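Asker: Return a 3D structure for these sequence lines:
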Amino acid sequence: MTDVQLLEALRAIVGERGVLADPADLENYNVDWRHVFKGQARCAVLPRTTDEVAGVIRLCASEGIAVVPHGGNTGLSGGATPDGSGRQVVLSLARMRAIRDIDVLGETMEVEAGCILQTAQEAAAAAGLMLPISLAAEGSAQIGGVLSTNAGGTNVLRHGMSRARVLGLEVVTADGEIVNGLRRLRKDNAGYDWKQWFIGTEGTLGIITAAVLQLAPQSLHRVTALLAVPDADAALKVLRVARQQIGETLNAFELMSGAALELVERHQGLKTPLAPSEWFVLMEASSCLPGLRDAVEGLLAMVLEEGDATDGVIAESERQEGELWLLRESITEAESREGRSLKHDVSVPISGIPAFLREADAAVALAFPGSRINAFGHAGDGNIHYNVVVPASSDGPALNALVHDLVVKHQGSISAEHGIGQYRVSELERCCSAAELKLARRVKAALDPAGLMNPGKVMAPAPEAQ
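Answerer: Residues are numbered from 1 along each chain as shown. Sure, this is the predicted structure:
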């Protein structure tokens, strides 16, 4: 099928406005958010309905054309970027953005995959509920992308990863069949939980077109605090006391190095309200019951008296809460202005965070003189963004391997929340066990036997297929 024939066939399915082929229109689809990965799409297709998605997939499958799903383009692993062949079709669900239904009593939301996360959050709030998936990119990230990457964020400690909020899915499989599993059930043990096959697999097995998400009650009270702590060990002592004292009210527990906040001050002009420290903890708690602020104040007094924290401040207003969170959310942007950095979105068992940081810091300093560590992340769930600002001449693959080997040694994961995409494919092959890779390839072969769904992402082809 020639390019002209393909475009005509696609327009017959999605309409004239649903197909983009002009190079200028394809620019945003050809490069990732970090401008690290750049490809060349044959065209971009923007269906309006699930039936249209299915029609596009059937057409591409019949012609042997690979399809690359594209969301809000906020990913950090190149999972939505086509290759450079100019033969892959990008599929964007940006026009499928409806919130189909909100069940206030059942606390559920049915939403299409192209809906912006923040829009879904606002709709839930208008109904007196909350969608407790919170990301720095929530103003651009789409629900389909959030689920297909199993995005994390700041509320994982209390509300779990994105997959924990999914009650049902509607998907289009690699052969263009629509599977409607948009059930609102909290209990459903009728056979395989097949929706999990499509969450976190980055569109390599099929396309998520809609989801039923479990919402949560809105909290009436929220308290945000910033603490200075001497080291990561002390931070985890604060976490333990917080879990004992305020328990399930704890939403977020973020660990930030003093070096990270120094970058924020230098490049973003934002200053912490506390004196310089080796490490800082940003903590948020919320509850529907009164007395939360008193409990958090008591918690701070306790950890200050024990010496696990050296200073602390509690936000007195929503504005101050926003200012404290802006410190945390500005780290990535500040790092990008500092120069070249190699990012490691890793997780280790929570109790192993201090040992991992000590060992990794020493190993990086020895092997890569002149590098600087920028470590921060969601310590409450074991996820550390262990980023390294390096000279331009540094050997990136060697540094990645060094860090990832230490992660494996500490029984961790080389991708906590950002996904594998194309960025970490070779490292997953290297770090994952042969048995796990074999199992994953069997699933891939069963659901996408032609290998046309987002090829080159998450895993490399099996050796015999290369």
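Asker: Next, count neighbours for Gly84.
Answerer: A count of nearby residues for Gly84, using other C-beta atoms under 10 Å, gives 12. For the C-beta atoms, the positions are set from N, CA and C on the backbone; glycine is no exception.
Asker: sorry, that was for Arg240
Answerer: Arg240, neighbours per other C-beta under 10 Å, totals 14.
Asker: Could you look up the SS state of it?
Answerer: helix (DSSP: H, G, I helix; E, B strand; the rest coil).
Asker: What separation is there between it and Ala379?
Answerer: Distance, Arg240 to Ala379, by C-beta to C-beta, to the nearest Å: 11 Å.
Asker: what sits in contact with each of these two?
Answerer: By C-beta atoms under 8 Å, 6 or more residues apart in numbering, Arg240 and Ala379 have no common neighbours.
Asker: so what's Ile331 closest to, chain neighbours aside?
Answerer: The shortest distance from Ile331 to any non-neighbouring residue, by C-beta to C-beta, 6 or more residues apart in numbering, is to Ala260 (5.0 Å).
Asker: and Ile384, what are its phi and psi?
Answerer: For Ile384, the backbone dihedrals (degrees, to the nearest 10) come out as phi -120, psi 130.
Asker: and it, what are its bridge partners?
Answerer: Judged by DSSP bridges, the bridge partners of Ile384 are Val346, Gly377.
Asker: Against Val390, how distant is it?
Answerer: Distance from Ile384 to Val390, by C-beta to C-beta: 18 Å.
Asker: neighbour-wise, which of those two wins?
Answerer: For Ile384 versus Val390, the count of surrounding residues by other C-beta under 10 Å is larger for Ile384: 24 against 19.
Asker: Contacts only, for that one.
Answerer: With C-beta under 8 Å, 6+ apart, Ile384 has these contacts: 255, 346-348, 353, 356-357, 375-378, 416.
Asker: So which of those residues is the closest to Leu91?
Answerer: For these, the closest approach to Leu91 (C-beta to C-beta) belongs to Ala416, at 26.8 Å.
Asker: Next, count neighbours for that closest one.
Answerer: 23.
Asker: per-residue confidence at it?
Answerer: Ala416 carries a pLDDT value of 94.
Asker: what's the answer for Ala392, then?
Answerer: 86.
Asker: Could you do Gln466 as well?
Answerer: pLDDT, Gln466: 50.
Asker: how close does Met283 get to Val241?
Answerer: 11 Å.
Asker: and the two? which has more neighbours close in?
Answerer: A count of neighbours by other C-beta under 10 Å puts Met283 above the other of Met283 and Val241, at 26 against 17.
Asker: Next, format the contacts of Ile384 as CSV and append distance to Pro276.
Answerer: Output for the contacts of Ile384, formatted as CSV (distance: C-beta to C-beta, whole Å):
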residue, distance to Pro276
Leu255, 16
Val346, 26
Ser347, 28
Val348, 27
Ile353, 22
Phe356, 24
Leu357, 19
Ala375, 16
Phe376, 16
Gly377, 20
His378, 23
Ala416, 28
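Asker: Among the residues you listed, pick out the one closest to Glu27, please.
Answerer: Closest approach to Glu27 among these (C-beta to C-beta): Ala416, at 30.5 Å.
Asker: Give me the secondary structure label for that closest one.
Answerer: Strictly by three-state DSSP, Ala416 counts as coil.
Asker: Setting the sequence-adjacent residues aside, check what's closest to the most centrally placed residue in the chain.
Answerer: The chain has Ala151 as the residue nearest its centroid, 3.0 Å off, counting by C-alpha atoms, centre = their mean. Of all residues not flanking Ala151 in the chain, Ser162 sits nearest, at 5.1 Å (C-beta to C-beta, 6+ apart).
Asker: Nice, that's everything, thank you.
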